[in-house]
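A.B. asks: 3D model of this:
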Amino acid sequence: MWKPLATSALTAVLALCATLAQAQDAPLRIVVGYAPGGSTDRVARIVADKLGAKLGTPVIVENKTGAGGRLSAQAVKAAPAHQPTLLLANPAVMLVAPLVFPDAGYDPERDFRPVSHVNSYEFGVAVGSAVPVKELPHLMAWLKANPDKANFGVPATGSLPHFFGLMVGEAAKVNGEVVGYRGSGPLLNDLLGGQVPVAFDTFDTLLPQHEAGKIRILAVSGAKRSALASGIPTFKEGGLDIAATGWNTFFAPLSMPKPQADRLASLIHEVMKDPDTQRKFEAAKMEPVAATMAQTEAMLKAYRAQWAPVVQRSGFKP
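C.D. replies: The predicted model follows:
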């Protein structure tokens, strides 16, 4: 009986070795669920350049847009073992979508292995020049006094800025109407034009118009003030005991052999510790993070615990 078992085990080992060898020869794909030029795409391309040099093989960034990023996750879930593929995704894809879409087509915890958390970003609340407030407490008082104007714009319904806005409204006891846009560009245009009085978006997106004096960011969502604009207070400093961030994280499909995922996690960690990589992130007004696989898994667990109840309480339906 022992001979067939030994032969079977040997066959399995040889098959794994062949898969690993084949995968190492194939170029690595990084799949992004958003169009070129966006923040997630910029992260992917900065990392891809550095990672390719370490691997000694090309790293290809593939933009697979559609369905709010869900198509990218579905594609990476189905990637064969011989084609090394990573998904670079944010919470909208790997937290919100599976909670609000019964047919998202993937399960973040069952279908993927977290590889490396590579950057974090904060949210901000901004007002247009026509809104007569300069501090967060004044904004909350103004909204309560003007319920007909108590609405806020977000770059997309179901986005993290959307749910963060609801979190702020709940903490401040202000019932605001959400106005969803098709991206940050249209949202900022309406904020500048006075069509929407208040906007929640990622801090780096709002900052250029704030620096130009065209809008006012009243608070930033981090636990401490942003190094990009230290003069802007946090929400906690403004009287609301909330803090939140978003992230971009690499995920591997379960089809990828774990030794290969471990190696990629180690190399990406090295890339993110490189001073030149950090300078490129900071030049793009993004906060770089060098996290191990274990640190990434712990971050995601804590993040789900914080945000899943917010999404579920909102009753949001696409």
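A.B. asks: use CA for all of it now, contacts and neighbours both
C.D. replies: Fine.
A.B. asks: any chance you could map the helices in the stretch 51-200 of the chain?
C.D. replies: For the stretch 51-200 of the chain, helices defined by DSSP state H, counting those that start in this stretch occupy the ranges 70-77, 91, 97-100, 108-111, 136-145, 160-172, 184-193.
A.B. asks: which neighbouring elements make contact with the second one?
C.D. replies: With contacts defined as 3 or more Cα pairs under 8 Å, 6 or more residues apart in numbering; DSSP states H and E, the packing partners of helix 91 are strand 245-253.
A.B. asks: give me whichever of the helices of the stretch 51-200 of the chain is most buried.
C.D. replies: Per residue and on average, the most neighbours among the helices of the stretch 51-200 of the chain fall to helix 70-77, with a mean of 22 (mean count of other Cα atoms under 10 Å).
A.B. asks: now it and strand 245-253, what's the angle there?
C.D. replies: With axes from the mean of the first three to the mean of the last three Cα atoms, to 10 degrees as the basis, helix 70-77 and strand 245-253 are set at 40 degrees to each other.
A.B. asks: give me the number of residues near A229?
C.D. replies: By the other Cα atoms under 10 Å criterion, the neighbourhood of A229 contains 14 residues.
A.B. asks: who touches stretch 171-190?
C.D. replies: Taking contacts as Cα atoms under 8 Å, 6 or more residues apart in numbering, the residues outside stretch 171-190 that touch it are 140, 143-144, 150-157, 162, 166, 169, 196, 199, 201, 205-206, 240-242.
A.B. asks: can you lay out the helices of the stretch 51-200 of the chain as JSON lines showing mean pLDDT and distance to T296?
C.D. replies: As requested, those are exported to JSON lines (pLDDT from 0 to 100; distance: least, Cα to Cα, whole Å):
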{"stretch": "helix 70-77", "mean pLDDT": "96", "distance to T296": "18"}
{"stretch": "helix 91", "mean pLDDT": "94", "distance to T296": "13"}
{"stretch": "helix 97-100", "mean pLDDT": "92", "distance to T296": "19"}
{"stretch": "helix 108-111", "mean pLDDT": "96", "distance to T296": "13"}
{"stretch": "helix 136-145", "mean pLDDT": "92", "distance to T296": "32"}
{"stretch": "helix 160-172", "mean pLDDT": "90", "distance to T296": "19"}
{"stretch": "helix 184-193", "mean pLDDT": "93", "distance to T296": "28"}
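A.B. asks: show me where the stretch 201-318 of the chain has helices.
C.D. replies: 203-211, 258-273, 275-283, 293-314.
A.B. asks: so can I have JSON lines of those helices showing mean pLDDT, mean neighbour count and distance to K64?
C.D. replies: Output for the helices of the stretch 201-318 of the chain, formatted as JSON lines (pLDDT from 0 to 100; neighbours: other Cα atoms under 10 Å; distance: least, Cα to Cα, whole Å):
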{"stretch": "helix 203-211", "mean pLDDT": "92", "mean neighbour count": "18", "distance to K64": "22"}
{"stretch": "helix 258-273", "mean pLDDT": "97", "mean neighbour count": "19", "distance to K64": "21"}
{"stretch": "helix 275-283", "mean pLDDT": "94", "mean neighbour count": "15", "distance to K64": "23"}
{"stretch": "helix 293-314", "mean pLDDT": "93", "mean neighbour count": "14", "distance to K64": "23"}
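A.B. asks: dump those into a markdown table; add distance to V43 as well.
C.D. replies: Shown next, in a markdown table, are the helices of the stretch 201-318 of the chain (distance: least, Cα to Cα, whole Å):
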| stretch | distance to V43 |
| --- | --- |
| helix 203-211 | 13 |
| helix 258-273 | 11 |
| helix 275-283 | 8 |
| helix 293-314 | 17 |
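A.B. asks: could I get the helices of the stretch 51-200 of the chain as JSON lines with distance to R313?
C.D. replies: As requested, the helices of the stretch 51-200 of the chain are exported to JSON lines (distance: least, Cα to Cα, whole Å):
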{"stretch": "helix 70-77", "distance to R313": "22"}
{"stretch": "helix 91", "distance to R313": "17"}
{"stretch": "helix 97-100", "distance to R313": "11"}
{"stretch": "helix 108-111", "distance to R313": "20"}
{"stretch": "helix 136-145", "distance to R313": "22"}
{"stretch": "helix 160-172", "distance to R313": "10"}
{"stretch": "helix 184-193", "distance to R313": "25"}
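A.B. asks: and the longest strand seen in the chain, how far out from the chain middle?
C.D. replies: Longest strand of the chain, by residue count under DSSP state E: strand 112-128. In terms of Cα atoms, centre = their mean, to the nearest Å, the gap separating the centre of strand 112-128 from the centre of its chain is 5 Å.
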